[in-house]
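K.L.:
got a sequence here, can you build the structure:
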Amino acid sequence: MFIELAKHRQSCRSYLPKNVPRQMVLDCLEAARLAPSACNSQPWHFIVVDEPATKDTLCQASLSGPYAMNRFVKEAPVIIAVVTEKAGFLTRVIGSLRGTPYWLMDIGIAVEHFVLQAAESGLATCWIGWFDERQAARVLRVPRAKKIVCLISLGYSDETLREKNRKPAQEIYSFNQYNATGLEPKTPQ
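P.N.:
You can find the predicted model right below:
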């Protein structure tokens, strides 16, 4: 059941030294490939980094200095770099008119598909936004016109499942109009 998957998926910062079978990575990539996107633009490209030397070079270059808080990524047997591809003309125009970066929303959906498939397969992930993008792009030979939006660490967790700390449900939704309490507005008599 999906709600159970959502309840147990969490960010992992400690990985077992165990290789991830290529087919499991491909299953995660397939889930991401199937994600919806504005005007079917599919503005993403996933780089799988599973070669130890490349992984070490990537981590050394992009996760040091002010980015060192994410050095745990080096423990993961696989790192995924998510690169923006150019969104379609219509998507760019509509996004520009609305001031909404649809390409970024689309990538978020695809990455969430990826990490949920990983969790369903018994793998753990952490979505990394704090890294030296310029250095990562250099190591992975990403063209200047493109951008690495995030990294994803992928592997088998060496952590115990933590209890989720979330706001009460009533604080995150309301019906029919904005209402910070989540309660239905009273109808005028």
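
K.L.:
wasn't V149 part of a strand?
P.N.:
Yes - counting by DSSP: H, G, I helix; E, B strand; the rest coil, V149 is part of a strand.

K.L.:
show me the contacts for M24.
P.N.:
Contacts for M24 (CB atoms under 8 Å, 6 or more residues apart in numbering) come out as A118, S121, L123. Glycine gets a C-beta too; all of them are placed from N, C-alpha and C.

K.L.:
so which strand or helix has it?
P.N.:
helix 22-33 (DSSP states H and E).

K.L.:
average pLDDT across that helix?
P.N.:
Mean pLDDT, helix 22-33: 99.

K.L.:
pull that helix out as CSV, backbone CA atoms only.
P.N.:
Output in CSV follows, covering the C-alpha atoms of helix 22-33 (Å, rounded to 0.1, in the frame of the first residue of the first chain):
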residue,chain,number,x,y,z
ARG,A,22,22.4,-3.0,-11.6
GLN,A,23,18.8,-4.2,-12.2
MET,A,24,17.7,-2.5,-9.0
VAL,A,25,19.2,0.8,-10.2
LEU,A,26,17.6,0.3,-13.6
ASP,A,27,14.2,-0.2,-11.8
CYS,A,28,14.6,3.1,-10.0
LEU,A,29,15.5,4.8,-13.3
GLU,A,30,12.4,3.3,-15.0
ALA,A,31,10.2,4.6,-12.2
ALA,A,32,11.7,8.1,-12.8
ARG,A,33,11.3,7.8,-16.6
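
K.L.:
rewinding a little: so how do I select the buried members of the contacts of M24 in ChimeraX?
P.N.:
Here the buried members of the contacts of M24 are turned into a ChimeraX selection, burial being counted by 16 or more other CB atoms under 10 Å:
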select :118,123
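
K.L.:
let me know the closest of the contacts of M24 to A31.
P.N.:
A118 (8.4 Å; CB to CB).

K.L.:
which element is the closest one on?
P.N.:
Short version: A118 belongs to helix 102-120, going by DSSP H and E.
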